[in-house]
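K.L.:
Here is a sequence with its predicted model. Questions after.
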Amino acid sequence: MALLREPKSGTFTEDLHAPGLLTFVETVFGCLPRTDQRRWAKTYVKALLQTPGKKTPRRLAESVSDSPTASQALHQFVHASPWDSLAARQRLLRWAARDDSAVTVWTLAPAFLPKRGDRSAGVHRRFDPLQGRLLNCQLGMVVLATTEHGPLPVDWELYIPREWTRDRRTRARVPEEIRGPLWSQALRLVGRAPLWHSARDVPVAADLSWLPNQEAFLGHLIRNEQPFVVEVPDVMRVVGATPLATTGGPLLTIRQILRAPAAAAAGEGDHIVSLPVILPGRSTERVPLRLLARYRPNGSTRTWLTNLIDRQLPEMLPLMHQPRLAAGVVSTLSREFGLQDFEGRSFTGWHHHTTLVSAAFTYSRVSERAAKTGPRG
């Protein structure tokens, strides 16, 4: 894809030097109520695509204009201008997945965003499993829609810890309804994007190693008959089951189940073992699940749970791989699209920024593919 390159000027030209970008921005951000908001959305997306390095409002403004007020205007647009980020994300999803069968999987992924101080919305101390250390950070959560273009970020939530007081929430402009444990805030996000798209029975994929109380999260998916395949830590507790899951054995960790003689013998070499299990709890105790364990020659094991018990393993492998693809997208958003460069403190501003970052990435990814295969019909 040819990145935008245009001369600096005090006004923003309509010559975007990237076919379809103007139409894309007008489609996604056409819901913004004011002309100036739509103009600044276009400018912000352009700047995200063409500004190298750190993407602060000043650097973004300098890449598209020599106006001394451009930086402040971009800052105002993201931090204080009243526009609906959810409406823009709905339009982004519809642009990226224009037919009912376009989305093949929804993937939930975390984004650990280091922050200084304690005033930015949701900032707290949390262990980042990728870096293996405690961080002062915001914990963002993203749902990606996998289409023919790969995983595309279409919706976000920002975790607000329980310990955040009313005063801190008010200063950061956190809506009253954004509360509850981390797993319930993740569920709200997982349940929202499918409502924007008419696809049915699309599975949810995730690596839940970062999410406390995985049992509660999965129990909700089971009760709502949401198909899923999720990677879980082997310390999670499940109940070994008969093939029809009509009776259960003792409550054991996945690690203990895999140490049983039959499972251990089946796990020799580099391949995947499938075992019937159920989750503990009255509302889930009769729902059959499959435990998938991938053994490696070096002795390591990765484990997944799924309610897609009738699918063949070749169909499951792409779903099992989605969280790693999603993690790669989050890394790209941080390195190349400014995900971690948001300098504001407000909840609303964070959602505006992540929406614009998602739009820039999605346009870039779809345009790259179109350049190789031809324009979209």
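P.N.:
Structure's in. What do you need?

K.L.:
Surely Val143 is in a strand?
P.N.:
Yes. With DSSP: H, G, I helix; E, B strand; the rest coil as the criterion, Val143 is assigned to a strand.

K.L.:
Just give the number of residues close to Gly53.
P.N.:
The number of residues packed near Gly53 is 9, by other Cβ atoms under 10 Å. (Glycine included, C-beta is placed from N, CA and C.)

K.L.:
After the helix or strand hosting Tyr44, which helix or strand is next?
P.N.:
For Tyr44, the host element (DSSP states H and E) is helix 35-50. Beyond helix 35-50 on the C-terminal side, the first helix or strand identified by DSSP H and E is helix 57-64.

K.L.:
In this structure Asp155 contacts Ala109, no?
P.N.:
No. Applying Cβ atoms under 8 Å as the test, Asp155 and Ala109 come out as separate, 11.4 Å apart.

K.L.:
between these two, which one's more packed in?
P.N.:
Asp155 (27 against 24).

K.L.:
ok, now how distant is Val142 from Thr348?
P.N.:
17 Å (Cβ to Cβ, to the nearest Å).

K.L.:
Neighbour count: the two, which is higher?
P.N.:
Val142 (24 against 20).

K.L.:
any idea how far Leu279 is from that one?
P.N.:
Where Leu279 is concerned, Val142 sits at a distance of 25 Å (Cβ to Cβ).

K.L.:
Leu252 too?
P.N.:
Applying Cβ to Cβ to Leu252 and Leu279 gives a distance of 12 Å.

K.L.:
same deal with Pro323?
P.N.:
20 Å.

K.L.:
do Tyr295 as well
P.N.:
Distance of Tyr295 to Leu279, given as Cβ to Cβ: 23 Å.

K.L.:
cool, and Met141?
P.N.:
Counting by Cβ to Cβ - Met141 and Leu279 are separated by 22 Å.

K.L.:
For the stretch 201-350 of the chain, just list every one of the helices.
P.N.:
214-223, 254-259, 261-266, 313-336, 347-373 (DSSP state H, counting those that start in this stretch).

K.L.:
Just name the most buried of those helices.
P.N.:
Burial of these is given as mean neighbour count (mean count of other Cβ atoms under 10 Å); helix 347-373 ranks first at a mean of 21.

K.L.:
helices or strands up against it?
P.N.:
Here helix 347-373 touches helix 21-28, helix 35-50, helix 70-79, helix 85-96, strand 133-147, strand 150-158, helix 313-336, going by 3 or more Cβ pairs under 8 Å, 6 or more residues apart in numbering; DSSP states H and E.
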